[in-house]
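S.K.: Got a predicted structure plus its sequence, pasted below:
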Amino acid sequence: MDIHFTGIIIGVATFFIIGLFHPLVIKSEYHFGVKSWWVFCLVGILATIASLLVADVLWSTLLAVVGASSFWSIKELFEQRERVRKGWFPKNPKQKE
């Protein structure tokens with residue numbers, strides 16, 4: 001019986017990648033506002049293209065997860081702005097509206 005760990009590695013890495021993007025969105029909105037959306041878009045495009053070019057299933061999948069998480073972060077960035085407006089998160093006093 002062969003045991004393959006690729007699925008477990010992808011699952012655990014996906015968990016950590018998604019977990020990494022949550023504070024990135026919060027910090028990005030705090031320091032730069034929603035105008036940082038294009039950085040997430042660029043990372044998403046590059047990671048998605050890279051996932052198409054990488055032959056190894058593990059790395060291709062992880063790049064696709066980074067790409068999808070980046071695209072999802074654009075939506076979360078705008079929702080984070082609303083959470084700040086509601087007072088659920090601190091507003092950067094140096095940031096202009």
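M.R.: It's in.

S.K.: what stretches of this structure score poorly on pLDDT?
M.R.: For the chain, the stretches flagged by pLDDT under 70 are 96-97.

S.K.: In it, spot the helix with the most residues.
M.R.: Ranked by residue count and defined by DSSP state H, the top helix of the chain is helix 57-85.

S.K.: what's the spacing between that one and its chain's center?
M.R.: Helix 57-85 sits 3 Å away from the centroid of its parent chain (Cα atoms, centre = their mean, to the nearest Å).

S.K.: for it, packing partners?
M.R.: Secondary-structure packing of helix 57-85 (3 or more Cβ pairs under 8 Å, 6 or more residues apart in numbering; DSSP states H and E): helix 6-32, helix 37-53. Where C-beta positions appear, they are placed from N, C-alpha and C, glycine not excepted.

S.K.: got the contact list for stretch 36-46?
M.R.: Outside of stretch 36-46, the residues that reach it under the criterion Cβ atoms under 8 Å, 6 or more residues apart in numbering are 28-29, 66-71, 73-74, 77-78.

S.K.: Report whether the expected contact of Gln90 with Lys27 is present.
M.R.: Rather than Gln, residue 90 is Pro. No: between Pro90 and Lys27 there is no contact under Cβ atoms under 8 Å: 11.5 Å.

S.K.: Comparing those two, which residue is more hemmed in?
M.R.: Taking other Cβ atoms under 10 Å, Pro90 and Lys27 do not tie; Lys27 has more neighbours (12 against 9).

S.K.: Phe21 versus the more buried one, what's the distance?
M.R.: Taken as Cβ to Cβ, to the nearest Å, the spacing of Lys27 relative to Phe21 amounts to 11 Å.

S.K.: Tell me how many other residues crowd the nearest residue to Gly44 once chain neighbours are set aside.
M.R.: Using Cβ to Cβ, 6 or more residues apart in numbering and skipping residues adjacent in sequence, the residue nearest Gly44 is Ser70, 3.4 Å away. For Ser70, the number of neighbouring residues by other Cβ under 10 Å comes to 22.

S.K.: which residues touch Ser70?
M.R.: When contacts are counted by Cβ under 8 Å, 6+ apart, Ser70 is found next to 21, 40-41, 43-44, 47.
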